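Enquirer: how does the following fold in three dimensions:
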Amino acid sequence: MSDERVIDPKNAYTWDGWGTCLSWWANTELGTRDDLAAALFGTDTVGVEAAGRDMALPGLGLNIVRYNLGACTWTDGSAMVESPAIVRRKQIETFCDGDAWDWRAGANQRSMLAKAREVGADTFEMFSVSPPWWMTVNGNPSGAEHGEQDNLEFQYQKAFARFIAVVAGRARDEWGIRFASVEPFNEPSLSSWHAKQNQEGCHFTLGAQEAVIECLRGALDERGLDDVLIAASDECHYAGAANTWRKFTAQTRRLIGRVNVHGYERDESCRSRAALRETVGDGMPIWQSEYSEGEPDGLAMALSISRDIRYLRPCGWVCWQPVEALDWGLLDGEYDDQTPNPNGGAKGTLKGQVGGVNTKYYVLAQYTRHVRPGMRILGSGHANTVAAHDPSAGRLALVTVNDGAQRTVTYDLRLLTSGTSTARVRVTDTIDAPDARRYARETDAHSRDGILTVTHAANTVTTLELTTHGRTSGV
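Expert: Numbers count the residues shown, from 1 in each chain. Model (predicted):
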């Protein structure tokens, strides 16, 4: 099979970058590990300790870090209600129990936040999954008794906004972290955030969302954080995000600096992605701020990335938990979620280790190491190809996922260059076989008169990197 794909700079936009959430994995002792910080946020090849052996991995170069503002405390005599299904590592400590502030809370997650910055991450967002337990209706940071009910007490709307702003100010003044954005919600329209959920969560009605957003803008501005934008609403699905945006008042929309949405809607037709982009308009930035699934080969992830970039046109793309069990992570996480709590609370400890690497780690590297922050995302002529260009360096990256039979693709580069260039090639096979390639360097390809023809093997992700003004760039 063959096809032609025209690389078109018309309607290009600037890429903010790739990222990950901290939350559960960084809440464990994994949050203190330098090798994981180097692998996730650096670009050098790094040795990562996994199940007693050392794995050499290409650094992903993630530059966006989403920090989880916690909701749990264990103050003596407190009335926090714990879901019977939650485990310890999914309980993120809050800095305030309603009476006093404890800035020592959540040390592991803050450790990884600092390590990420030191390695090279440069864009930070703080997000809340639930208000602190003592601000909730039922004292339970996993959700209300019934999932369709607001669980933030009406009287605490301003206090919740101030809480977020105070932590953002503390991060700026004491941690050396300037949050570019804060997100007060996490999938707020879902009715599944109930008191027996296995994680933190909170339902917000539309009116409650609007009230919190207004209070939050005021609280940030009062603390000299007027440059910190509000992102909203991190809905679970593209269609849900479009619905929320349509219902927001014009005043609320003016207070929002970016739309965040999660990638848990399969949307193979891509209609929901396109509809969300049309609903918010071309001028509103979007991040795909949380993506995950339990398929270790990375093929579904690559297809989702390509479809997001073509139809949703986000400027940032963020994975959920890079180290997680049951094939949900880029790396396989092994956690202690079973040790009984001697005090009768949530099971488990904050122990954790890396068990191995999933193929989708290498698949993500095909994108993150080559489509870099500040590059311009171009039209590619096909939903399975991502094209990015650095005009100043004359560097062009093409990343193609082929989820079917072998296919020959002709890339028409003549809107960028009519010359001859050498393309460096990297390939990851999404199959599991002894000779499967994992971000492997392959034989160079060559363009002539602005035309580049490449044969893509079945079930692969391929990166082509070349120059558009006569020099060959390294990969």
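Enquirer: all contacts plus neighbour counts: C-alpha atoms, from now on.
Expert: Noted.
Enquirer: got any ranges where this structure has weak pLDDT?
Expert: Applying pLDDT under 70 to the chain flags residues 1-2, 75-78, 470-475.
Enquirer: tell me the centre residue of it?
Expert: Closest residue to the average C-alpha location of the chain: Val318 at 1.7 Å, with C-alpha atoms, centre = their mean.
Enquirer: that one sits in which helix or strand?
Expert: Secondary structure assigned from DSSP states H and E places Val318 in strand 316-319.
Enquirer: pull the CA atoms of that strand into CSV?
Expert: Coordinates of each C-alpha in strand 316-319 appear next as CSV, following Å, rounded to 0.1, in the frame of the first residue of the first chain:
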residue,chain,number,x,y,z
GLY,A,316,0.6,20.1,25.2
TRP,A,317,0.2,16.4,25.7
VAL,A,318,0.5,14.8,29.2
CYS,A,319,0.5,11.1,30.3
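Enquirer: residue contacts, the residue nearest to the centre of the chain?
Expert: Trp18, Gly19, Thr20, Cys21, Ile64, Trp287, Gln288, Ser289, Glu290, Tyr291 (C-alpha atoms under 8 Å, 6 or more residues apart in numbering).
Enquirer: now do Ala116
Expert: Ala37, Ala38, Phe41, Val65.
Enquirer: can you tell me the SS state at the second one?
Expert: This points to Ala38. Here Ala38 is recorded as helix under DSSP: H, G, I helix; E, B strand; the rest coil.
Enquirer: and it, how close does it get to Ala457?
Expert: 31 Å (C-alpha to C-alpha, to the nearest Å).
Enquirer: do the same with Arg369
Expert: Taking C-alpha to C-alpha, one finds Arg369 at 21 Å from Ala457.
Enquirer: and if you look at Gly283?
Expert: 38 Å.
Enquirer: which one of the two has more residues nearby?
Expert: Ala457 (18 against 8; other C-alpha atoms under 10 Å).
Enquirer: hmm, Asp267 is touching Leu276, no?
Expert: No. Counting by C-alpha atoms under 8 Å, Asp267 stays clear of Leu276, with 11.8 Å between them.
Enquirer: more neighbours: which of those two?
Expert: Leu276 (25 against 16).
Enquirer: now the more buried one: how far from Thr430?
Expert: Taken as C-alpha to C-alpha, the span from Leu276 to Thr430 is 30 Å.
Enquirer: likewise Ala100?
Expert: 51 Å.
Enquirer: ok, now Gly419?
Expert: Taking C-alpha to C-alpha as the measure, Gly419 falls 33 Å from Thr430.
Enquirer: who's more crowded, these two?
Expert: Set Gly419 next to Thr430 and count neighbours by other C-alpha under 10 Å: Thr430 wins out with 26 against 16.
Enquirer: what's the closest non-adjacent residue to that one?
Expert: Distances taken as C-alpha to C-alpha, 6 or more residues apart in numbering place Asp297 nearest to Thr430, at 5.1 Å, with adjacent residues excluded.
Enquirer: please apply the same query to Ala346.
Expert: What sits nearest to Ala346 in space, not counting adjacent residues and going by C-alpha to C-alpha, 6+ apart, is Val87, at 5.0 Å.
Enquirer: that neighbour reaches Lys351, doesn't it?
Expert: No. Under the criterion of C-alpha under 8 Å, Val87 is not in contact with Lys351, lying 12.0 Å apart.
Enquirer: for the two, indicate the residue with more neighbours.
Expert: Val87 (23 against 16).
Enquirer: ok, that one - contacts?
Expert: Asn198, Gln199, Asp337, Ala346, Lys347, Gly348.
Enquirer: distance-wise, check the closest residue in space to the first one that isn't next to it in sequence relative to Cys72.
Expert: Which is Asn198. In space, and not counting its chain neighbours, Asn198 is closest to Ile86: 4.1 Å by C-alpha to C-alpha, 6+ apart. Distance of Ile86 to Cys72, computed by C-alpha to C-alpha: 12 Å.
Enquirer: who's more crowded, those two?
Expert: Between Ile86 and Cys72, Cys72 has the larger neighbour count (other C-alpha under 10 Å), namely 28 against 20.
Enquirer: what's across from that one in the sheet?
Expert: Glu93 (DSSP bridges).
Enquirer: surely it touches Trp133?
Expert: Yes. The pair Cys72 / Trp133 is scored as a contact, 6.0 Å apart, by C-alpha under 8 Å.
Enquirer: now for these two: what residues contact both?
Expert: Met80, Pro141.
Enquirer: where along the stretch 101-250 of the chain do the strands fall?
Expert: 123-128, 179-183, 229-235 (DSSP state E, counting those that start in this stretch).
Enquirer: out of those strands, deepest packed?
Expert: strand 229-235 (a mean of 25; mean count of other C-alpha atoms under 10 Å).
Enquirer: quick one: it to chain centroid distance?
Expert: 13 Å (C-alpha atoms, centre = their mean, to the nearest Å).
Enquirer: now swap in stretch 365-373 and tell me
Expert: 14 Å.
Enquirer: mind listing residues that contact it?
Expert: 14-18, 43, 58-63, 388, 397, 399, 426-428, 439, 461-463, 465, 475.
Enquirer: need the CA coordinates for that stretch. CSV is fine.
Expert: Extracted as CSV, the C-alpha positions of stretch 365-373 are listed here (Å, rounded to 0.1, in the frame of the first residue of the first chain):
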residue,chain,number,x,y,z
ALA,A,365,10.3,8.5,22.9
GLN,A,366,9.7,8.5,19.2
TYR,A,367,7.6,11.7,19.7
THR,A,368,9.0,13.4,22.8
ARG,A,369,12.7,13.3,21.8
HIS,A,370,12.0,14.9,18.3
VAL,A,371,8.9,17.0,18.5
ARG,A,372,10.4,19.5,21.0
PRO,A,373,8.9,22.5,22.8
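Enquirer: now it: buried residues?
Expert: For stretch 365-373, the neighbour count (16 or more other C-alpha atoms under 10 Å) marks Ala365, Gln366, Tyr367, Thr368, Arg369, His370, Val371, Arg372, Pro373 as buried.
Enquirer: now, which of these lie within helices?
Expert: Ala365, Gln366, Tyr367, Thr368 (DSSP state H).
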